[in-house]
Each structure stands twice: as C-alpha cells, then as structure tokens.
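Enquirer: Quick one: sequence plus predicted model below, questions after.
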Amino acid sequence: MSPFPFSFFFLFLFFLPSSSSSSPLHYPYNFSLHIDCGSLSNSSDIFNTTWVSDRYFTGGSISVVSEPLHFQHTQEKTLRYFPISSGKKNCYIIPNLPLGKYQLRTFTVYDNYDGKGHSPSFDVSVEGTVVFQWRSPWHESITRSGAYSDLFVAVNDGEADVCFYSIATDSPVIGSIEVMQVDSGSYLVNDSSILVNYGRFSSGSGQWGPGFTNDSDRFGRSWQSDAVFRAKIGGIKAISAVKNVVNVDRPPNYFPMKLYLSAITVVGGGFLEYILPVDAKLDYLLWFHFAEIDVSVNKEGKRVFDVEVNGVNVSRVDIYKEVGSFAAYDFSYVVKNLSDTKLIVRLVPVVGAPVICGLENYAIIPDDLKTLPQQVVAMKALKESLKVPDRMGWNGDPCAPTSWDAWEGVTCHTTKNGSLVISQIDLGSQGLKGYISDQIGLLSNLVSLNLSSNSLGGSLPWGLGQKSLVKLDLSNNKFTGPLPDSLASSALQIVYLNGNALEGLVPEELLSIGVHGGAIDLSGNKGLCGGPTLPDCPLFWSKNGLSTAGKVAIGISSLVFISVVLLVAYICYKRRQNDYDFGLPHEMMSLAAKRNRYQRQKSLMTLEMESQHAKGFIPTYNAT
C-alpha cells in the first residue's frame, strides 16, 4: 500500500455520524456535521445523511472529479481545491465546539481532476499540529475511487481548525469532511497527542461502515477488509457467529457488534500475519479485537496463541479464559519509536489455531506548540480590523505548526514555558485599508510593528506601545488624533509616524529617542506640536490638545461666567417682583378710606368755625 498524499482529509466537520446505532444504550454525543466540499447546495445521501455545502467554511475554488461514474455518492463527486493564488495556507474553521475529543473523518480523491496526471503533495495540520503529508490507510486499488480516513483529536479552545499547506505548485484538494464528538476517554493514550488512523480492518468481512454501508458504528469508523493487509501464509478460514456477541457498544470506545460477528483463523497449522505500512520514528497504538465465536471452543486452554509485534511477544491470549464464548475481548499495545516502515503483527499458535476479529493501528502524533490564546485573540482581531487579504493566509493558529512559517508577515518565537508568541508584524505596502484594533495591546511580546505605506486610518489605540516594543513604523497612512500615552512608556528606539494626520503635543519621552541614539520621524503631521522641528503648541496645549491646566482654566472661567449670568438673572427677577406686587390688603385700604373721610369732615368744620369767628358770631350750646 502506497502513501496517499491528499493532506486534506480530516478537514473540519465535527461530531458524530448521522447513522446512529439502534442500541437501547444512550450515546451521550449525538450531534454530527457532514460537509460536502465543493458543493453549492445541501444534499442527502442514500443513508439519509444530510451533507451541507462548505461555501461558508473556507475559500479556494470548486471542481468535480473527472470520472463521476467511479464514485457512488454525491459528496464524493465534488471537490474543493486551493490554488496558489489563495495563499500557501488555507483552513476550514469550525467555531463554537464544546470542549472534548473529536473524530475527524474525510474523503479524498484526486482522479486527475486538473489534468496534471499526478496526485498533489501538500501538508495538513489539525489544531496547529502537522499530521504530515496525508496518507491513506486504504489499499491503492481502493484509493482509485477515493478513500475515507480519520483521526482523533482533542479540541480545547472551542474551535477546530484544519489547514492545508501548498508545496511547490500543487493545489491541496478535499472531497468531504465529517467531525464527530466522541467519548473523552476513548483510545486514551494521553491528552497531548493526535491519533492518526494508519489502518483499521474487520476480519472475515468486506469493507463496511459510513461511506460504504449503512452498518452502524457510533464513532463513524469505516472498516476495511483485512485481506489487503494479510500476508499470504498458509490456509485461511473465515468464521461467523451463530448468535450475538456481548460486551459490545460500550463506553468509552463503543465498538460495534458487527466487528465481532466475523473472524479469521488458520487451517492446517501455521501462524496468521498482517503487514501494516507505517512511517518510521513514530509511536503507534495497536488495538486488537477478539471474540470466541467458534462453538467448538467451549473451555479455556482450548485455543491459546501469542501476539507478536515486530518480533516482540506482547501478549499470550486465551479468549475463553478471559471472557468466555461470544463475548468481545480487546486489548491495546503501544509500539515506541518504530525504526522501520513496516509494522508486522503475527498471531502464533500455542494450542489450536489463532483467531482475530479486527485490528486498528494509529500513529501517535505529539501536539505541536501553540500560540498563547490571548495572542490568538489579538491576531484574529487585527486580521479583521486591518482587512488582511485572503492571499496572505491568515488562517488557523498564527504561529503553529512550527514546521511551517507563521502567518505571512508575522514572526513568532518560543517562550520558556513552551508557548508561541508574536514578536514581529511586518505588513508594509500591503494595500491595507482598515484600522488598528485595540486588541493589539494583548501582544505583550511584540518587538517590531511595521504597517507603513498602507491606507490605514482612525486613531492610534491606547494599547499600542507595549513595553516590549522597540520599533514602530506607521508612516504614510491616514492616522488621526493624539499620540497615545503608552508610546511614552515603551522601550521604543525607532519611531516613524511621518505622513499621517496626527495632532497634539508630542511627549518629551518620545522626542528623547533621537537624543539617545534612536530614530524618530514625525514630519507631515500638521497637527503635532512641541518638538524641535514642530511648531510651538498654543497656550495651555498638551500632546492630547488642551493641557490639564488649560482645561481647568477654561472650566473655572466657564463656572464664573455661568455664575454671573445666574446672578444677573436673579436680580432682574426680583426687580420685576417689586414693580408689580405692591398691593395692600383690603382691610388696610378700607381703614385708610374711613380716615380720609374723617379728615375731610374735620377740615370742613374748621373752615366753618373760622368763618363764624370772622363775623363775630359766637355760637352758644345748651347744656343738657
């Protein structure tokens, strides 16, 4: 079996296959997503599985296989490929995933859709870890019509990403992707590895499971016939169970009953051998499946055999002794640092003939380093705010995998605690037209930032000027507003802000860069003031416009003015009250009228007496 170079495989989907088991046991993960790569619309297959179009998940271009009649299902006939013009890195990104373990299963086929006559070569990463140039566990005769492949990976950030990396001029290509959430304890090796399927076969039967038949497997595993892996040694006999097998479909791996209903044994003596093609210098997880389904074996010690892996005896097996008849028995074994490209499994008889129901082989790929989560957030925010074009490949983890370059224009380095951080961003003259997100302040290890000669605008964010920042080049853009205080507290040695529309007083700390051997250029900003080559700032002016003292003075003046206005208004109001509100009470007015009448009568009597006196007439009054 030759390697299958379609790296795209495991693309994005996430959860469980839609063909669920009829077992009465409740499976805790019952959500699945199936993506038809290259399709423009949703569809359903013959197994009633719904396939959604991938047009909202990624970029690239669409195509179809050159010979559609070779493929049974609609989702196998459409393709998504990523030409060089799409950038060297393209990803499928699936957001809002619950934390946990997932199986990613893909269908890939080349079929000479582009007429180049050779299969493309490209790398694939899952969750920031390269799972190398993708290989298929299927035999070459099967890959002619496409192949289903899968892996198991933990998603710890709520988002699954599967990325393709172009090698030379080859275009990565993918046919379909499925992602299924599985039990977190399944195939447990450790929490920091990806298990890549290098072969999974069911003995004594043809290929079955999702993609081939409607046979149920809660994990969506496809099982191949063991015939293509089996060495041609001695006579082979297939046996089938006459009744159901127990201890199946159980957590955490939920192995299906169908796996144990058939088996292969040898006749006429001899051993049973399988040859599994692998890559050297990796560890491998082997998972063995047995069941005693031969009714003639009715007691322990009647069938005993040794399991050897690359000549090493790893276990002696007596199935009946372990679990009895018609019961599933499994065990796993890890091969460390394999030095060969073949993994040979041999079942050697001790008593009777060996028997096997199935075998799985997974490469154990250690997780690569990942970018600090906060810095991933910052870079994704910058991608949106700067409107970084797709051709630059800003997808997935900004720094991982370490075997490939980081995002175009981005440089990363490793910290002492084993995380990746952003150290440089160089996007000069890239036609950017957005603004700088304030999330840039989360890039606490940023040493150099070059966004010169673009069309970026808006104000400079207050988070810009991390203490790590040494070089800042934002020249020849359209930035406005004042210089942020953070620039004055940074370790900047080179600052180019020329050719913008910045304004306000330049901090002395920033101006001192030139004095201490650094370089600074603020020319072309008509609104800046206070520097040696800049105009003087107006009275009470600071780097942000009016200084604090100026603002206080204006505030006090405004307060005094408002107070005077209120006082004048109050006085006018009181005067108006005096003009119109002097009316006396009614009782006082009545009393005054009576007094006036009395005074008039008195005056008349006085005048009459004076008149009589003048005539010499003195009246007499009779006493009573």
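Expert: That came through, no problem.
Enquirer: just the strands in the stretch 151-300 of the chain please.
Expert: With DSSP state E, counting those that start in this stretch, the ranges of strands along the stretch 151-300 of the chain come out as 160-166, 173-174, 176-182, 193-202, 224-225, 235-240, 262-267, 272-277, 283-291.
Enquirer: Relative to G418, which of the ones you listed is closest?
Expert: Distance to G418, taken as C-beta to C-beta, is lowest for strand 193-202 among those, at 15.5 Å. Any C-beta I mention is one placed from the backbone N, CA and C, and that applies to glycine too.
Enquirer: can I get the CA coordinates of that closest one in CSV?
Expert: Only the C-alpha atoms of strand 193-202 are listed here, as CSV (Å, rounded to 0.1, in the frame of the first residue of the first chain):
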residue,chain,number,x,y,z
SER,A,193,-1.5,13.7,21.1
ILE,A,194,-3.4,13.2,17.9
LEU,A,195,-4.2,9.6,16.8
VAL,A,196,-4.0,9.2,13.0
ASN,A,197,-5.6,6.1,11.5
TYR,A,198,-3.0,4.0,9.7
GLY,A,199,-5.2,1.1,9.2
ARG,A,200,-8.5,-0.3,10.6
PHE,A,201,-9.8,-3.6,9.4
SER,A,202,-12.5,-6.1,10.2
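Enquirer: Quick one: work out the angle between it and strand 272-277.
Expert: Orientation check (axes from the mean of the first three to the mean of the last three C-alpha atoms, to 10 degrees): strand 193-202 against strand 272-277 gives 140 degrees.
Enquirer: name the helices or strands packed onto strand 193-202?
Expert: Based on contacts counted as 3 or more C-beta pairs under 8 Å, 6 or more residues apart in numbering; DSSP states H and E, the elements that strand 193-202 packs against are strand 129-133, strand 147-155, strand 224-225, strand 272-277, strand 358-366.
Enquirer: Need the winner for burial among those strands.
Expert: strand 147-155 (a mean of 23; mean count of other C-beta atoms under 10 Å).
Enquirer: Given it, what are its sheet partners and their directions?
Expert: According to DSSP bridges, strand 147-155 forms sheet pairs with strand 100-108 (antiparallel), strand 193-202 (antiparallel).
Enquirer: between those, which gets nearest to Q72?
Expert: strand 100-108 (10.9 Å).
Enquirer: after that closest one comes which helix or strand?
Expert: strand 122-126 (DSSP states H and E).
Enquirer: So what angle separates the directions of that next one and strand 193-202?
Expert: Going by the same axes, to 10 degrees, strand 122-126 makes 110 degrees with strand 193-202.
Enquirer: mind listing what the residue nearest to N310 when sequence neighbours are not counted touches?
Expert: Using C-beta to C-beta, 6 or more residues apart in numbering and skipping residues adjacent in sequence, the residue nearest N310 is I344, 5.5 Å away. Counting by C-beta atoms under 8 Å, 6 or more residues apart in numbering, I344 touches E273, Y274, I275, L276, V309, N310, G311.
Enquirer: Let me see the contact set for the second one.
Expert: Spelled out, that is Y274. D226, F229, R230, A231, I344, V345, R346, L359 are the contacts of Y274 under C-beta under 8 Å, 6+ apart.
Enquirer: now the strands for the stretch 351-500 of the chain?
Expert: 355-356, 358-366, 410-414, 420-426, 448-450, 457-459, 471-473, 478-481, 494-496.
Enquirer: what's the most buried one of those?
Expert: strand 355-356 (a mean of 26).
Enquirer: Okay, now the sheet partners of that one, with direction.
Expert: As assigned by DSSP bridges, strand 355-356 forms pairs with strand 262-267 (antiparallel).
Enquirer: The partner strand to strand 235-240, inter-axis angle?
Expert: Using the same axes, to 10 degrees: strand 262-267 against strand 235-240 is 150 degrees.
Enquirer: Let's have the strands of the stretch 351-500 of the chain in JSON lines, adding mean pLDDT and distance to Y284.
Expert: As requested, these are exported to JSON lines (pLDDT from 0 to 100; distance: least, C-beta to C-beta, whole Å):
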{"stretch": "strand 355-356", "mean pLDDT": "98", "distance to Y284": "17"}
{"stretch": "strand 358-366", "mean pLDDT": "95", "distance to Y284": "6"}
{"stretch": "strand 410-414", "mean pLDDT": "95", "distance to Y284": "28"}
{"stretch": "strand 420-426", "mean pLDDT": "97", "distance to Y284": "28"}
{"stretch": "strand 448-450", "mean pLDDT": "96", "distance to Y284": "43"}
{"stretch": "strand 457-459", "mean pLDDT": "95", "distance to Y284": "53"}
{"stretch": "strand 471-473", "mean pLDDT": "96", "distance to Y284": "47"}
{"stretch": "strand 478-481", "mean pLDDT": "95", "distance to Y284": "55"}
{"stretch": "strand 494-496", "mean pLDDT": "94", "distance to Y284": "51"}
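Enquirer: With adjacent residues omitted, what lies nearest to G465?
Expert: Using C-beta to C-beta, 6+ apart, the nearest residue to G465 is S486, at 3.4 Å.
Enquirer: I'd say that neighbour and I440 touch.
Expert: No: at 10.4 Å, S486 and I440 do not qualify as touching, with contact defined as C-beta atoms under 8 Å.
Enquirer: List the residues that are in contact with both of these two.
Expert: Joint contacts of S486 and I440 (C-beta under 8 Å, 6+ apart) are G463, L464.
Enquirer: So for these two, which sits in the more crowded spot?
Expert: Higher neighbour count among S486 and I440: I440, with 24 against 17, using other C-beta atoms under 10 Å.
Enquirer: and that one, how far is that from N454?
Expert: Look at I440 and N454: by C-beta to C-beta, to the nearest Å, they are 15 Å apart.
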